[in-house]
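Q: Have a look at this prediction, sequence included:
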Amino acid sequence: MIEKAMPGPRPLLRRPEEGELIDVAGVEHFFRLTGEHTGGRFAFEEFTLAAGVMGARPHVHEGHDEYFYVLEGELTLHNGDGEVTVGPGNLLSAVRGTPHGFRNASAETVRALCLYTPSGYEGYFREVHAAVAAGAEVTDELLAEFRARYRTTSY
């Protein structure tokens, strides 16, 4: 049997261990797909927060949308009006201009997914990780400096 060459882009299969792990301030961001894989259309990550870890203080993105989907544990989300704690199966849509944030207020680990559209914000996590690896302390000022590069402000 002769196989036909498939024109154009090909599907990309990512195995469970394949991705880019970026540890930032106690949050393990495991990017399964980045803009390099999707032509800049979106980025997709699985993230893990240990008990009591602040994921991200309330902030607003002007350059991309984010969608959070809880897989395990209870994630406390800031939704612009206050906080709500949700478990597996809950989805938060934070489109551009929407204040949001997240943390793990529970005693158990949280595992969730996040979709970014378009991609690019994974660069923020890379930059913060590199700064910390070089000895920088994670402060509100440091995070604000890096967020500004990605059209993001504190709320």
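A: Cool, got the structure. Numbers count the residues shown, from 1 in each chain.
Q: Now do the contacts for the residue sitting nearest the centre point of the chain.
A: For the chain, the residue nearest the mean C-alpha position is residue 114 (5.1 Å; C-alpha atoms, centre = their mean). Contacts for residue 114 (C-beta atoms under 8 Å, 6 or more residues apart in numbering) come out as 44, 45, 47, 66, 67, 68, 69. Just so you know, the C-beta spots here come from the backbone N, C-alpha and C atoms, and that holds for glycine as well.
Q: now those residues as JSON lines including pLDDT?
A: Converted to JSON lines, the contacts of residue 114 look like this (pLDDT from 0 to 100):
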{"residue": "44", "pLDDT": "98"}
{"residue": "45", "pLDDT": "98"}
{"residue": "47", "pLDDT": "97"}
{"residue": "66", "pLDDT": "97"}
{"residue": "67", "pLDDT": "97"}
{"residue": "68", "pLDDT": "96"}
{"residue": "69", "pLDDT": "97"}
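Q: export those residues to CSV and tack on distance to residue 33?
A: Listed next are those as CSV, based on distance: C-beta to C-beta, whole Å:
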residue, distance to residue 33
44, 4
45, 8
47, 14
66, 14
67, 14
68, 16
69, 15
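Q: between those residues, which is nearest residue 153?
A: Of all the contacts of residue 114, residue 66 has the smallest distance to residue 153: 14.4 Å, by C-beta to C-beta.
Q: wait, doesn't the closest one sit right on residue 116?
A: Yes - shown here, residue 66 and residue 116 form a contact pair, counting by C-beta atoms under 8 Å, at 5.7 Å.
Q: returning to what we had before: from the contacts of residue 114, which land in strands?
A: Among the contacts of residue 114, the members found in strands (DSSP state E) are 44, 45, 47, 66, 67, 68, 69.
Q: And for the closest residue in space to residue 51 that isn't next to it in sequence, the neighbour number?
A: Spatial nearest neighbour of residue 51, excluding adjacent residues (C-beta to C-beta, 6 or more residues apart in numbering): residue 107 at 4.9 Å. Residues lying near residue 107 (other C-beta atoms under 10 Å) number 9.
Q: So which of residue 66 and residue 116 has more stuff around it?
A: Neighbour count, other C-beta under 10 Å: between residue 66 and residue 116, residue 116 has more, with 25 against 20.
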